[in-house]
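Participant: A structural model of the following input is requested.
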Amino acid sequence: MKVHFIAIGGSAMHNLAIALKRKGDIVTGSDDEIFEPSKSRLAVNGILPSKIGWDPSLISDELDAIILGMHARVDNPELMRAQELGLKIYSYPEFIFEQTKDKKRIVVGGSHGKTTITSMLLHVMDHLGIRTDFLVGALLEGFDCMVQLSDAPYIVIEGDEYLSSPIDRRPKFHWYAPHVALVSGIAWDHINVFPTFDNYVEQFKIFTDCIQPNGCLIYYQGDESMQGIIDNLRADICAIGYDMPDFELANGITTILNEGERFPLQIFGDHNLQNMIGAKLVLNQIGITDTDFCRAMQSFKGAAKRLERIATNLTCNAYKDFAHSPSKLKATVSAVKQQFPNRKLVACMELHTFSSLKKDFLPQYDGAMKEADLALVYYSPEVVAHKKLDSISKEMVAEAFGTLNVKVYTDSDALVADLRLMTWENSNLLLMSSGNFHGVDLNAFAQELIH
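Facilitator: Take a look at the predicted model:
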């Protein structure tokens, strides 16, 4: 196939482009901005555009497919040229579905835990020698690309609920038609697209309606919003709920108990243990036993930026995490405090996404960091203005979080300076953001503080 990517520089888009190039397809692409690591990875694979910008002359009737990324606009000149020529224009998820029609599709959805659960599935399948393709939202240890398309009989897909493309306003996970689906829970997100919680929940109802005939839905039974969906599920779909496993916590090590055997883990936290049981139930559907699953999970270190330990000494650990939504924030803070109850926990988070910086959404953070001994919240007024949102104040943010342990910063240098003044003996540091606190190298900074 000859495939052209409009907006090839995106995280998901450039990984799909690399996957197709490795599969033997002829791949071209364009973008008006390409940042690292996309730029270097495209260059290494020989598909970095020779110039930055849009060029309609790249679009011809020799192309078999156009893949359109969310970064492009509806008036993109390359898109308009492709429409004039009547070329087939795919959104990213539509193309994935077309490429995987003959596979057994396992799709992980939910407002939180998707990347971690998908990582668990891939780790266990790889450990057991089960060939599978995949689409995941982060670069995983042991994998050099976020997408793989081959002749494997399975594909494991992280089912994002965000929009498919500028001209396809359906959530991505509505495309995938899973044979086995998992929903980890529902907590309002992407409020710029889904203006009400009910509207957001409806997208998950549609997702479960897309499950293949006689398929299976694995779901977290502690989520109240899932109950209405389960009550109205098609009769042919098998629904299996999950919750916490039996486990022990001693000396900072979490051990799960299964059929009389003990399996010490490298991960911890209630949310990760719940994620793990969800992943186990998914893999039960393709014949993997509980014992084989638990043995394989002992070597699982977690997904990147999901409670990833980035510095350590005898009395202190530093972690970074992608947590930014209220539910993710609360689960991550709680996990570290429960794992190390006798250590002081300094939890830092950045309000960085559209939802998190929206004035009307801030009250959702009430109590989200109450388990931290010290909670430091940073946001950039310049980012708020860039996103064309109503301005917010430090006082407004502090009131929204609602606990006395919270201190709010609008200057990342001031936050960094305060952290440098602290002593870290018998303490843990948690850095949470979908960004980087205005240009901080989190790994290097954590190493500096602790060592």
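
Participant: contacts and neighbour counts: CA atoms only from here.
Facilitator: Fine.

Participant: where does pLDDT dip in the stretch 151-300 of the chain?
Facilitator: Counting by pLDDT under 70, the stretch 151-300 of the chain contains no low-confidence residues.

Participant: which residues of it fall in helices?
Facilitator: Shown for the stretch 151-300 of the chain, the helices assigned by DSSP state H, counting those that start in this stretch span residues 197-209, 224-231, 270-284, 290-297.

Participant: distance to E248 added to those helices, as CSV?
Facilitator: As requested, the helices of the stretch 151-300 of the chain are arranged in CSV below (distance: least, Cα to Cα, whole Å):
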stretch, distance to E248
helix 197-209, 33
helix 224-231, 27
helix 270-284, 11
helix 290-297, 15
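
Participant: quickly compare these and say which is most buried.
Facilitator: Ranked by mean neighbour count under mean count of other Cα atoms under 10 Å, these are led by helix 270-284, which reaches a mean of 21.

Participant: can I get the CA coordinates of that one in PDB?
Facilitator: Included here for helix 270-284 are C-alpha records, laid out as PDB according to Å, rounded to 0.1, in the frame of the first residue of the first chain:
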ATOM      1  CA  ASP A 270      -5.200  -0.600  45.000                       C
ATOM      2  CA  HIS A 271      -5.700   0.700  41.500                       C
ATOM      3  CA  ASN A 272      -2.900  -1.300  40.100                       C
ATOM      4  CA  LEU A 273      -4.100  -4.500  41.900                       C
ATOM      5  CA  GLN A 274      -7.600  -3.900  40.500                       C
ATOM      6  CA  ASN A 275      -6.100  -3.300  37.000                       C
ATOM      7  CA  MET A 276      -4.200  -6.600  37.400                       C
ATOM      8  CA  ILE A 277      -7.300  -8.600  38.100                       C
ATOM      9  CA  GLY A 278      -9.100  -7.000  35.200                       C
ATOM     10  CA  ALA A 279      -6.100  -8.000  32.900                       C
ATOM     11  CA  LYS A 280      -6.200 -11.600  34.300                       C
ATOM     12  CA  LEU A 281      -9.900 -12.000  33.500                       C
ATOM     13  CA  VAL A 282      -9.300 -10.700  30.000                       C
ATOM     14  CA  LEU A 283      -6.600 -13.200  29.400                       C
ATOM     15  CA  ASN A 284      -8.700 -16.000  30.900                       C
END
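
Participant: packing partners of that helix?
Facilitator: helix 114-127, strand 180-183, strand 216-220, strand 238-242, helix 290-297, helix 326-339 (3 or more Cα pairs under 8 Å, 6 or more residues apart in numbering; DSSP states H and E).

Participant: could you redo the last one with a cut-off of 7 Å?
Facilitator: Contacts defined by 3 or more Cα pairs under 7 Å, 6 or more residues apart in numbering; DSSP states H and E place helix 270-284 against helix 114-127, strand 216-220.

Participant: residues in contact with it?
Facilitator: Contacts of helix 270-284 with the rest of the structure, by Cα atoms under 7 Å, 6 or more residues apart in numbering, involve 113, 117, 120-121, 180, 218, 242-245, 290, 293, 331, 335.

Participant: that one to helix 114-127, inter-axis angle?
Facilitator: Taking axes from the mean of the first three to the mean of the last three Cα atoms, to 10 degrees, one finds that helix 270-284 is oriented at 50 degrees with respect to helix 114-127.

Participant: dump the helices and strands packed on helix 270-284 into TSV; add mean neighbour count and distance to A444 as well.
Facilitator: TSV is the format used below for the helices and strands packed on helix 270-284 (neighbours: other Cα atoms under 10 Å; distance: least, Cα to Cα, whole Å):
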stretch	mean neighbour count	distance to A444
helix 114-127	23	24
strand 216-220	23	36
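
Participant: want to try JSON lines for those, with distance to E94 as columns?
Facilitator: Rendered in JSON lines, the data for the helices and strands packed on helix 270-284 read as follows (distance: least, Cα to Cα, whole Å):
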{"stretch": "helix 114-127", "distance to E94": "19"}
{"stretch": "strand 216-220", "distance to E94": "21"}
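
Participant: for G252, which of those is the nearest?
Facilitator: Within the helices and strands packed on helix 270-284, the stretch nearest G252 is helix 114-127; the backing value is 20.4 Å (Cα to Cα).

Participant: which elements pack onto that closest one?
Facilitator: Using 3+ Cα pairs under 7 Å, 6+ apart as the contact criterion, the secondary-structure elements in contact with helix 114-127 are strand 154-158, helix 270-284, helix 290-297.

Participant: now do the strand or helix carrying I310: everything it contacts.
Facilitator: Taking DSSP states H and E as the definition, one finds I310 inside strand 308-313. Surrounding strand 308-313, the residues in contact under the criterion Cα under 7 Å, 6+ apart are 302, 317-321, 443, 446-447, 450.

Participant: from those residues, keep the buried residues only.
Facilitator: Judged by neighbour count, with 16 or more other Cα atoms under 10 Å as the criterion, the buried members of those are 302, 317-321, 446, 450.

Participant: go through those residues and flag which are in strands.
Facilitator: Using DSSP state E, the members of the buried ones among the contacts of strand 308-313 that fall in strands are 317-321.

Participant: so which of these would you say is closest to L87?
Facilitator: Here the nearest of these to L87, counting by Cα to Cα, is D321; it sits at 41.1 Å.

Participant: show me the contacts for the closest one.
Facilitator: Contacts here follow Cα under 7 Å, 6+ apart; on that basis D321 touches 305-308, 431-433.

Participant: any idea what it is bridged to?
Facilitator: Residues in a beta bridge with D321, per DSSP bridges, are M432.

Participant: again, but for E261
Facilitator: Here E261 sits in beta bridges with N258, as judged by DSSP bridges.

Participant: what angle do the longest strand along the chain and helix 326-339 make?
Facilitator: When every strand of the chain is counted residue by residue (DSSP E), the longest turns out to be strand 344-351. With the same axes, to 10 degrees defining the directions, strand 344-351 sits at 170 degrees from helix 326-339.

Participant: number of residues surrounding T254?
Facilitator: 18 (other Cα atoms under 10 Å).

Participant: make 25 the first number, not 1, from now on.
Facilitator: Sure, I'll start numbering at 25, so the last one becomes T278.

Participant: re the thing from before, after the longest strand of the chain comes which helix or strand?
Facilitator: As assigned by DSSP H and E, the chain's next helix or strand after strand 368-375 is strand 398-403.

Participant: who are the neighbours of that next one, in terms of helices and strands?
Facilitator: Secondary-structure packing of strand 398-403 (3+ Cα pairs under 7 Å, 6+ apart): strand 368-375, strand 430-433.

Participant: and the last one, which strands flank it?
Facilitator: The partner list of strand 430-433 in its sheet, established with DSSP bridges, is strand 398-403 (parallel).

Participant: average pLDDT for the strand it pairs with?
Facilitator: Along strand 398-403, the predicted local confidence has a mean pLDDT of 98.
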